[in-house]
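In: requesting a structural model of the entry that follows:
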Amino acid sequence: MSGWRRRIAGTVLVIVLATLGAAAPAAPALATARPIGDCTTTSGVIVAVDFGHWGGPVLRSCGTTPTTGYDLLNQGGWQTSGTEHDGPGFVCRIGYAGYQGGTQYPTASEQSCVLTPPANAYWAFWYANPGQSGWNYSPTGAMAIQPEPGSVELWTFGGTNVSGTSGSAVPAVTPAALRAQNTRPAGTARRRAHTSTRRAAAPAQATSQAAAPPTPSSRTTAAASADPSAKAAIVNAPPSAASAAPVSHGSAAPAIIALVIVLVLAAAGITAVLRRPRRDQ
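Out: Residues are numbered from 1 along each chain as shown. Next comes the predicted model:
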């Protein structure tokens with residue numbers, strides 16, 4: 001093969017590899033799920049999803065490695081599906097491994113997730129930074145949001161206006177009802193309290209007092225009752241071993257079509273060059 005043919009072949013190979021790289025969706029960064037008490041006012045991010053549209057609760061979990069809002073919703077048992085038209089960044093379905101067998105909502109019978117969902121039936125993304133009492137609406141999605149440690153995120157289903165000030169997807173629960181209130185991981189606090197109790201009391205009394213701290217369910221009930229506007233119960237999603245489960249990123253059809261177009265154009269270019277008479281002979 002002559003030098004100019006080798007250069008053409010090399011160029012085509014670079015184009016193909018670049019196209020394949022662009023076509024492959026980036027996998028979300030997975031992080032280990034932790035108990036809800038491991039999130040604090042200055043660490044981790046509370047991630048909550050309101051399944052009230054289907055008669056379910058507001059599930060919340062602790063994301064201990066804040067990256068983007070999208071990554072946080074694809075760790076610790078959470079799973080999302082994008083649309084074929086918009087890709088994985090447009091969250092069309094959300095499910096949790098420990099809720100309803102991992103069913104993602106809306107189901108396929110409700111929404112095909114082929115095209116962009118209608119303006120009155122989509123997952124709206126909200127976030128509140130530390131110290132904020134109200135929600136920020138993100139019209140651009142969760143991939144562009146890098147949450148601050150100690151913040152809280154919420155996904156609601158329905159519809160809103162462009163500014164997120166009205167509509168069925170406007171949150172019925174406040175950030176305060178969801179965010180972490182403890183200043184250090186709850187597990188550490190309980191262990192220290194248990195150690196102090198054992199030193200100060202008899203073994204029998206220590207056993208009784210060690211069982212006294214409130215359970216996650218009772219803390220959840222208190223949080224829900226503190227927010228009279230909440231329409232759904234707030235339930236702490238237990239850590240799930242399904243954090244590395246495969247996540248649907250929508251159809252690969254657009255990327256495949258783009259690859260075919262590139263290959264056709266490259267083949268046409270090579271054919272044209274090969275048929276062109278050599279003037280240096």
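In: which regions of the chain lie under the pLDDT threshold?
Out: In the predicted model, the chain carries pLDDT under 70 at residues 1-33, 187-231, 241-281.
In: cutoff 80 now
Out: 1-34, 64-66, 186-232, 239-281 (pLDDT under 80).
In: care to break this protein down by domain?
Out: Split into domains by automatic domain parsing, the chain comes to 3-25+255-273, 36-183+216-251.
In: pretty sure A169 is in a strand, no?
Out: No: under DSSP: H, G, I helix; E, B strand; the rest coil, A169 sits outside any strand and is assigned coil.
In: let me see the contact set for it.
Out: Taking CB atoms under 8 Å, 6 or more residues apart in numbering, we find A169 in contact with 122, 124, 156-160. Using the backbone N, CA and C atoms, a C-beta is placed for each residue, glycine as well.
In: how about Y105?
Out: 51, 53-54, 93-95, 157.
In: now swap in Q132 and tell me
Out: Contacts of Q132 (CB under 8 Å, 6+ apart): 151, 175.
In: against T116, how distant is it?
Out: 29 Å (CB to CB, to the nearest Å).
In: try I94
Out: Where T116 is concerned, I94 sits at a distance of 16 Å (CB to CB).
In: next: L72.
Out: 23 Å.
In: same question for F90.
Out: In terms of CB to CB, F90 sits 7 Å off from T116.
In: who's more crowded, those two?
Out: F90 (20 against 13; other CB atoms under 10 Å).
In: for the residue nearest to G164 when sequence neighbours are not counted, give me its contacts.
Out: Closest residue in space to G164, ignoring its immediate chain neighbours: Y137 at 2.7 Å, by CB to CB, 6 or more residues apart in numbering. Shown in contact with Y137 (CB under 8 Å, 6+ apart): 124-126, 160, 163-165.
In: what segments of the stretch 101-250 of the chain are strands?
Out: Using DSSP state E, counting those that start in this stretch, the strands of the stretch 101-250 of the chain run over 122-128, 136-137, 152-158, 234-236.
In: do I have it right that G102 meets G95?
Out: Yes: between G102 and G95 there is a contact under CB atoms under 8 Å: 5.3 Å.
In: tell me, what's touching the two both at once?
Out: Q79.
In: so which of these two has more stuff around it?
Out: G95 (21 against 15).
In: partners of the more buried one in the sheet?
Out: Applying DSSP bridges to G95 yields these beta-bridge partners: Q79.
In: skipping adjacent residues, who's closest to C62 in space?
Out: C39 (3.9 Å).
In: which ones are touching that neighbour?
Out: Counted by CB under 8 Å, 6+ apart, C39 has contacts 45-46, 62-64, 150, 180.
In: just to revisit the earlier point, would JSON lines of the contacts of Y137 with neighbour count and distance to A144 be doable?
Out: Shown next, in JSON lines, are the contacts of Y137 (neighbours: other CB atoms under 10 Å; distance: CB to CB, whole Å):
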{"residue": "A124", "neighbour count": "23", "distance to A144": "15"}
{"residue": "F125", "neighbour count": "25", "distance to A144": "10"}
{"residue": "W126", "neighbour count": "25", "distance to A144": "14"}
{"residue": "T160", "neighbour count": "20", "distance to A144": "18"}
{"residue": "S163", "neighbour count": "9", "distance to A144": "17"}
{"residue": "G164", "neighbour count": "18", "distance to A144": "15"}
{"residue": "T165", "neighbour count": "9", "distance to A144": "20"}
